[in-house]
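[1] The following comprises the amino acid sequence and a computationally predicted model.
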Amino acid sequence: MKAVLLALAFLLELALLVAAGWWGFTRDVGWPVRLLAGLGVPLLIAVVWGLFCSPKASVPLPAPAKLSVQAACFVTGGLLLALAGRPVPGALLVGLWAVNKALLTLAHDPV
């Protein structure tokens with residue numbers, strides 16, 4: 001079960017990056033700005049995730065702080081999808097992440 005949850009977590013992280021890119025490429029601005037937003041925002045999120053949230057993070061954080069950064073990343077992704085005209089997928093992204101995170105926490109530290 002834990003392997004399935006970890007695989008889903010990885011897929012959700014990829015979906016987060018796709019959501020950020022989708023938002024950037026759907027902006028109603030010139031193509032240079034769309035290109036910058038469509039590639040730059042996912043890159044920024046990936047750097048933040050790599051620094052603070054990945055299993056081999058460069059900057060180790062206490063669990064509550066790490067959870068806060070992860071939540072901020074996913075809420076940002078959901079909000080960006082909503083701003084791109086896709087509020088339901090945005091809400092699903094955040095909701096699936098929250099459920100998956102809760103299940104992973106329970107699988108790691110059963111009560």
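    Yes, it's here. Keep in mind it's a predicted model, so treat the numbers as computed, not measured.

[2] Give the rounded mean pLDDT of the helix or strand harbouring Pro32.
    Assessed by DSSP states H and E, Pro32 sits inside helix 31-52. For helix 31-52, mean pLDDT rounds to 97.

[3] Quick one: list the elements packing against it.
    helix 2-25, helix 63-83 (3 or more Cβ pairs under 8 Å, 6 or more residues apart in numbering; DSSP states H and E). Bear in mind the C-beta positions are built from the backbone N, C-alpha and C, glycine included.

[4] next SSE after the last one?
    Along the chain past helix 63-83, the next helix or strand (assigned with DSSP H and E) turns out to be helix 87-108.

[5] Run the chain-centre distance for that following helix.
    10 Å (Cα atoms, centre = their mean, to the nearest Å).

[6] again, but for stretch 51-62
    Taking Cα atoms, centre = their mean, one finds stretch 51-62 lying 15 Å from the centre of the chain it belongs to.

[7] could I have that stretch exported to CSV, CA atoms only?
    Output in CSV follows, covering the C-alpha atoms of stretch 51-62 (Å, rounded to 0.1, in the frame of the first residue of the first chain):
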residue,chain,number,x,y,z
LEU,A,51,15.7,22.4,-1.7
PHE,A,52,13.1,21.7,1.0
CYS,A,53,10.7,18.9,0.3
SER,A,54,12.5,16.1,-1.6
PRO,A,55,13.7,13.0,0.3
LYS,A,56,17.3,14.2,-0.3
ALA,A,57,16.6,17.9,0.3
SER,A,58,19.6,20.2,0.5
VAL,A,59,17.9,22.1,3.4
PRO,A,60,16.4,19.7,5.9
LEU,A,61,13.4,21.1,7.6
PRO,A,62,11.5,19.8,10.7
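
[8] May I see the buried residues of it?
    Phe52, Cys53 (16 or more other Cβ atoms under 10 Å).

[9] One more: stretch 86-104?
    Within stretch 86-104, the residues scored as buried using 16+ other Cβ under 10 Å are Arg86, Pro89, Gly90, Leu93, Val94, Leu96, Trp97, Asn100, Lys101, Leu103, Leu104.

[10] how close does the closest residue to Leu8 other than its chain neighbours sit to Phe25?
    Of all residues not flanking Leu8 in the chain, Asn100 sits nearest, at 5.3 Å (Cβ to Cβ, 6 or more residues apart in numbering). As judged by Cβ to Cβ, to the nearest Å, Asn100 and Phe25 stand 26 Å apart.
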